[in-house]
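Student: Let me see the structure of the following:
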Amino acid sequence: MSDEKQVHFGASLVGRLARTDLSLSHALQPLFEAISNSIHAIEDSKRQSGRLTIRIVRDDSQQRLKDDSGHLSCRPIRDIHIEDNGDGFTQDNFTSFCTADSLQKRARGGKGIGRLLWLKAFSRVEIDSVFAGADGNERRSFWFVADDESPIQKHSVGPSPSPELKTVIRLTDSLLPYKEACRHKPETLADRIIRHFLLYFLRPNCPSVILVDDDSDVPIDLNRKHSEEKASEVQTDPLRVGSHELQVITIHAKASEQGSHELQLCADGFEVNAVNLQKRLPHLPDKIPDAHGGRGTRLAVCVTGDLLDKKVNEHRTGFNLPKDPQDDLYEPTEEQIINEACAHVEKKLEPLLSQEREKSRQRIRSFITERRPIYRPLLDKLDPHLSDLSQSQDDNDLDLRLNTITRKIEISAEAEFSGYRDAARQEAVTAFKKYWDQVDCAAQVRLSQYVVRRRAVLHALRKLLEQRVDGKYPIEADIHDLVFPMGKTSDDVSPERWNLWVIDERLAFHDHLASDKPLKSIEPANSDSADEPDLIVFNRPGAFAEGPRPTYESIVMIEFKRPMRQDVGRDELPHEQAQRYMRDIRAGRVEDNRGRPITVTETTRFYGYLVCDFTPQLREKLSDQGFKLSPDGNGYFHHIENAREKRFEYFEYISLAKLLDDAEKRNQALFHRLGIVFQQVAAWNAPPPNAGVDGTSQKPETPAALAPHL
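Tutor: Okay, the predicted model is just below:
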């Protein structure tokens, strides 16, 4: 006998499916609903030897590839077959199936829409069931499809010669995107099923559950797997949240290579939501030590109760609980229940957590004192942040977290102090002292980070000055980029990327800086000249001047030459090249970005820093042009001052060795204060003190009086 059963799921089954939400994170929910139905069918049959087989049919159109470890990848799931020996699709059960929002399983928490989730993720559902009829066993088969006119198709029912009761539900032809979301390995599927039905696996009359997967060589006995992984007896404790009585069921499971400590909120015996306990209890170790010397255990904590049974949503993927806390806790939020359950677990594990907390404290202190002394100001402020710091996976992660905490301390101090701006004087003074103590701590860390960065820059500069294995030296562009990126201006690059302090600390305070750009392309300067100074710095006058400032107090030009370059000055000396730039600006041939000439006066100073190594030929030419040897013999300086020509020019040649040596000396005190050892290097191309160009004695002059005032 066959017929097409007319079923009406509200106004439209297709419309109802469109309104049914199934997130990708719950893509296995259709499988769980089918397993749940089978468990209920076995319970209704009153069998003592229930049997449930889950078969995973993989998409055989895709080949299995090996990953980097040589393991075969898993294929997407195409079909799922669930077979049980429960009471089957009797007439009452079939009528309930064909009734929208059926209440037949309300006592078990059934919402009557589980079968809708099947059609959300699969093209159709094929059902074949042998059940006990009035005159012997009968067989019923049909298809369930997303069709408003005929959702039940190919329906037939009649006598069955089979002596065994058996029902097979086939979820056929999985749909995207759920097909890809269910691409799980057989072992993962086994773990997910056990986790979802954990409370059922704990029951003594739990049916036998076997998982057969096309991507697994052997069937997986889920009952045995659960029994082998359970490491202790189940502990059940009461938990009161507001006026509601709940239960906390704690299980210690043998730790596997995968998995984590987990807390589940359950309804009607099934997992609904789960949270990672280690994120809530950061001092909880990855594995709880085993008293018998085993590999350790992990916690599975289940929270159950009437409140959760009543408030689970129709899709069994969440709870219809308040989003915001209520004063009377008439109905707690989900977060409040989780917090109370975590507090309960924390209390039970306090001796262990206390030991782990101290281990974390010592690990972090050792990291700071031995690896990152810049965070020393935080040592007496660690305890409030231990929970966050304990979650760090490695030293780099810990470093980032400490840096974040430093900023949090600053923000917290500023927010707290802002509330005292209008307070009484004494209260405000007290508040400011507290604020300063907190900000000073963070400031010390920031300063330490900056000093460490300077140390790294000088180390890099030292390496750039060394001869390469091919006998050559790095080009000047490498040194240039270290001090300031080539082809950029101070508007393009953040101050953290500038290392102008290597040359002179005062260069950080300027109006505009351009690196290796033609004069005509520099924002404050607009000229037809294609000359490209390595660095040109414009400084405006008057720290307290009001209104527009038409002139520049000083203009600095910097040129770099390759280490040990032998042809420096062969055609044109570096300072002569800088003088051409200066003449263009002084003659009014350079305009600002608004088309107005850059005005220079008798007070405008031009400075030229020429960074290179000194060859005998270069020393001779500089001496011939009136340059004076610096006291340490590693530089030359010369100045031109002519008020009538509105001309003040100061040039200083600095050897690359002196550049590094001076920068190291200026920062040495900071490095020692942080405990950073920095062994200075000798100036390798410096002549003996007081040596002239020809090796004869020459009394040096000091450039102190001529030092640039930027």
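Student: Pull the number of nearby residues for residue 236.
Tutor: Number of residues near residue 236 (other Cβ atoms under 10 Å) recorded here: 10. All C-beta atoms are positioned from the backbone trio N, CA, C, and that covers glycine.
Student: and it, which of the three is it?
Tutor: With DSSP: H, G, I helix; E, B strand; the rest coil as the basis, residue 236 sits in strand.
Student: Bridge partners for the nearest residue to it once chain neighbours are set aside, pull those for me.
Tutor: Computed as Cβ to Cβ, 6 or more residues apart in numbering, the closest residue to residue 236 that is not its neighbour in sequence is residue 249, at 5.2 Å. Here residue 249 sits in beta bridges with residue 236, residue 302, as judged by DSSP bridges.
Student: Surely residue 652 is within a helix?
Tutor: No: using three-state DSSP, the assignment for residue 652 is strand, not a helix.
Student: wait, doesn't it sit right on residue 635?
Tutor: Yes: contact criterion Cβ atoms under 8 Å: residue 652 and residue 635 qualify, at 6.3 Å.
Student: Between the two, which is the more surrounded one?
Tutor: Shown here are residue 652 and residue 635; by other Cβ under 10 Å, residue 635 has more neighbours (26 against 23).
Student: Tell me if I'm right that the more buried one and residue 656 touch.
Tutor: No: at 10.8 Å, residue 635 does not count as touching residue 656 under the criterion of Cβ under 8 Å.
Student: Going along the chain, name the strands of the stretch 201-350 of the chain.
Tutor: Under the criterion DSSP state E, counting those that start in this stretch, strands of the stretch 201-350 of the chain are mapped to 208-213, 220-221, 235-241, 244-254, 262-267, 270-276, 297-304.
Student: and of the ones you listed, who's closest to residue 444?
Tutor: When the strands of the stretch 201-350 of the chain are compared by Cβ to Cβ, strand 270-276 sits nearest residue 444, at 35.1 Å.
Student: Check the spacing between residue 556 and residue 319 real quick.
Tutor: According to Cβ to Cβ, to the nearest Å, residue 556 stands 68 Å off from residue 319.
Student: for stretch 365-381, which positions count as buried?
Tutor: Across stretch 365-381, burial judged by 16 or more other Cβ atoms under 10 Å covers 367-368, 372, 374-378, 381.
Student: Export these as TSV, with columns for pLDDT.
Tutor: Below are these laid out as TSV (pLDDT from 0 to 100):
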residue	pLDDT
367	82
368	79
372	76
374	73
375	76
376	75
377	74
378	74
381	73
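Student: Please identify which helix or strand holds residue 82.
Tutor: Element membership of residue 82, judged by DSSP states H and E, is strand 77-84.
Student: just checking, what packs against that strand?
Tutor: Counting contacts by 3 or more Cβ pairs under 8 Å, 6 or more residues apart in numbering; DSSP states H and E, strand 77-84 is packed against helix 29-44, strand 51-58, strand 166-174.
Student: Does anything pack onto the shortest one? Which helices or strands?
Tutor: Read that as strand 51-58. Contacts defined by 3+ Cβ pairs under 8 Å, 6+ apart place strand 51-58 against helix 29-44, strand 77-84, helix 186-196, strand 208-213.
Student: what mean pLDDT does it have?
Tutor: Per-residue pLDDT over strand 51-58 has a mean of 94.
Student: Next, the angle helix 29-44 makes with it.
Tutor: 160 degrees (axes from the mean of the first three to the mean of the last three Cα atoms, to 10 degrees).
Student: Let the chain start at 330 from now.
Tutor: Renumbered: residue one is now 330, and that last one reads strand 380-387.
Student: Would you mind writing the CA trace of strand 380-387 as CSV?
Tutor: Extracted in CSV, the C-alpha atoms of strand 380-387 (Å, rounded to 0.1, in the frame of the first residue of the first chain):
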residue,chain,number,x,y,z
ARG,A,380,21.9,-0.9,19.2
LEU,A,381,22.6,2.2,17.1
THR,A,382,24.9,2.3,14.0
ILE,A,383,26.0,5.6,12.4
ARG,A,384,27.4,5.3,8.9
ILE,A,385,29.3,8.2,7.3
VAL,A,386,29.3,8.1,3.5
ARG,A,387,32.0,10.3,2.0
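Student: Contacts for that strand, please.
Tutor: Here strand 380-387 makes contact (Cβ atoms under 8 Å, 6 or more residues apart in numbering) with 360, 364, 367-368, 371, 403-414, 515, 518, 522, 536-544.
Student: And these, which of them are buried?
Tutor: 360, 364, 367-368, 371, 403-414, 515, 518, 522, 536, 538-544.
Student: re the thing from before, out of the helices and strands packed on strand 380-387, the one nearest residue 791 is which?
Tutor: helix 515-525 (52.3 Å).
Student: The closest one packs against which elements?
Tutor: Here helix 515-525 touches helix 358-373, strand 380-387, strand 537-542, strand 549-550, helix 551-558, strand 599-605, going by 3+ Cβ pairs under 8 Å, 6+ apart.
Student: Next, the angle from it to strand 626-633.
Tutor: Going by the same axes, to 10 degrees, helix 515-525 makes 40 degrees with strand 626-633.
Student: Which residues does residue 497 form beta bridges with?
Tutor: When bridges are called by DSSP bridges, residue 497 pairs up with residue 412, residue 457.
Student: Turn the strands of the stretch 530-679 of the chain into CSV, columns for distance to residue 667.
Tutor: CSV is the format used below for the strands of the stretch 530-679 of the chain (distance: least, Cβ to Cβ, whole Å):
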stretch, distance to residue 667
strand 537-542, 28
strand 549-550, 31
strand 564-570, 10
strand 573-583, 11
strand 591-596, 7
strand 599-605, 6
strand 626-633, 8
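Student: Low-confidence stretches in the stretch 580-729 of the chain?
Tutor: Scanning the stretch 580-729 of the chain with the threshold set as pLDDT under 70 gives 584-587, 620-624, 656-658, 720-722.
Student: now the helices: where do they sit in the stretch 580-729 of the chain?
Tutor: In the stretch 580-729 of the chain, the segments counted as helices under DSSP state H, counting those that start in this stretch are 606-609, 635-640, 663-677, 679-695, 715-718, 724-747.
Student: got those helices as TSV, with distance to residue 549 columns?
Tutor: Formatted as TSV, the helices of the stretch 580-729 of the chain follow (distance: least, Cβ to Cβ, whole Å):
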stretch	distance to residue 549
helix 606-609	26
helix 635-640	29
helix 663-677	30
helix 679-695	32
helix 715-718	38
helix 724-747	36
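Student: Which among those is found nearest to residue 477?
Tutor: Nearest to residue 477 among these is helix 635-640 (31.9 Å), distances taken as Cβ to Cβ.
Student: Please report the distance of residue 964 from residue 902.
Tutor: Taking Cβ to Cβ, one finds residue 964 at 15 Å from residue 902.
Student: which parts of stretch 985-994 are buried?
Tutor: Within stretch 985-994, the residues that count as buried by 16+ other Cβ under 10 Å are 985-993.
Student: Over to stretch 730-739?
Tutor: 730-732, 734-735, 738-739.
Student: what does stretch 501-511 give?
Tutor: Neighbour-count burial for stretch 501-511, counted by 16+ other Cβ under 10 Å, picks out 501, 503, 507-508, 510-511.
Student: Thanks a lot, see you next time.
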